[in-house]
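Trainee: give me coordinates for this.
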Amino acid sequence: MPVMRLAIAVAGAAVTLSRNPLVRAGVRSALSNPQTRDAAIAATRSAAYNAGVLARHITGRRAR
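Mentor: Alright, predicted model coming up:
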């Protein structure tokens, strides 16, 4: 159960940060640069892949 609580806390923090006007302005200005946008896309894909790998390690291969 602690893993679920941690996941909920991280998701809540992400939502809180995404609603901050300063964070939104920073993301908007950073993504206006094509090179920065490509780097952000690559980082997001890598993070999503690593999250999937971690989830498979936690749940095991048999869980579908």
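Trainee: I'd like to know how many residues surround Ala40.
Mentor: 14 (other C-beta atoms under 10 Å). The way it works is simple: take the backbone N, C-alpha and C, and place the C-beta from them, glycine included.
Trainee: can you pull the contacts of it?
Mentor: When contacts are counted by C-beta atoms under 8 Å, 6 or more residues apart in numbering, Ala40 touches Ala30, Leu31.
Trainee: helix, strand or coil for it?
Mentor: When the structure is reduced to helix, strand and coil (DSSP: H, G, I helix; E, B strand; the rest coil), Ala40 reads as helix.
Trainee: and this protein, what are its domains?
Mentor: With domains defined by automatic domain parsing, the chain comprises 1-32, 33-64.
Trainee: the last one: how far from the chain's middle?
Mentor: If I follow you right, that is domain 33-64. Remark: domain 33-64 is offset 8 Å from the chain centroid, using C-alpha atoms, centre = their mean, to the nearest Å.
Trainee: same for the worst-scoring helix or strand of the chain on mean pLDDT, what does it pack against?
Mentor: Lowest by mean pLDDT, DSSP states H and E among the helices and strands of the chain is helix 2-18, with a mean of 82. Here helix 2-18 touches no other helix or strand, going by 3 or more C-beta pairs under 8 Å, 6 or more residues apart in numbering; DSSP states H and E.
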